[in-house]
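# model this:
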Amino acid sequence: MKLEDDSYCFACGKKNQCGLKLSFQYSGGKLTSEFTPSKSHQGYKDITHGGIITTVLDEAMIQVAIAEGIMPVTAEINVRFKMPLMADEKTVAEAEIIRKSPRLIEAQSRLLKTSDGTIIAEAYAKLIPSK
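Model prediction:
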């Protein structure tokens with residue numbers, strides 16, 4: 001399967017009006033992205049939906065692989081939620097590759113409160129490079 005970017009990705013696509021429009025910075029093997037959820041991203045009142053948090057963590061891991069010249073898809077993701085993320089609370093996502101082989105990439109990411117570095121959620125994923 002050929003993977004193409006048409007700018008409509010829910011997480012990072014700039015043309016997707018409903019999307020998160022995340023942008024990324026990559027340096028020294030680490031990737032970061034700022035994310036501030038709005039009320040429209042909530043599950044329970046004023047608490048960001050876990051699926052949105054998972055999307056941010058997943059996209060960060062995909063993007064760190066892309067920054068290293070690999071076009072992957074997620075095969076497996078495990079997320080551990082540490083605390084709620086409130087609407088309008090500024091965060092930063094961090095991601096890095098922890099193991100790499102021709103057939104499998106293992107990555108980790110975490111979402112931190114910008115104000116004090118508290119971990120909101122952590123993720124681990126197995127990514128498969130496209131051929």
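# How about Ile119: what's its closest non-neighbour residue?
Nearest non-adjacent residue to Ile119, counting by Cβ to Cβ, 6 or more residues apart in numbering: Lys82, 5.1 Å away. Quick note: C-beta positions are derived from backbone N, CA and C, even for glycine.
# Based on its surroundings, how many neighbours for the one you found?
12 (other Cβ atoms under 10 Å).
# tell me the contacts of it?
118-122 (Cβ atoms under 8 Å, 6 or more residues apart in numbering).
# Write the PyMOL selection for whichever of these are buried.
Buried residues within these, by 16 or more other Cβ atoms under 10 Å, are selected in PyMOL with:
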select buried, resi 120+121+122
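# can you put the contacts of Lys82 in a markdown table and add distance to Val64?
Below are the contacts of Lys82 laid out as a markdown table (distance: Cβ to Cβ, whole Å):
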| residue | distance to Val64 |
| --- | --- |
| Thr118 | 22 |
| Ile119 | 18 |
| Ile120 | 18 |
| Ala121 | 17 |
| Glu122 | 15 |
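# Present the contacts of Lys82 as JSON lines; the columns should include secondary structure, distance to Ile98 and pLDDT.
Compiled in JSON lines, these are given as follows (DSSP: H, G, I helix; E, B strand; the rest coil; distance: Cβ to Cβ, whole Å; pLDDT from 0 to 100):
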{"residue": "Thr118", "secondary structure": "coil", "distance to Ile98": "22", "pLDDT": "97"}
{"residue": "Ile119", "secondary structure": "strand", "distance to Ile98": "17", "pLDDT": "98"}
{"residue": "Ile120", "secondary structure": "strand", "distance to Ile98": "20", "pLDDT": "98"}
{"residue": "Ala121", "secondary structure": "strand", "distance to Ile98": "17", "pLDDT": "98"}
{"residue": "Glu122", "secondary structure": "strand", "distance to Ile98": "12", "pLDDT": "98"}
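# Good, we can wrap up now.
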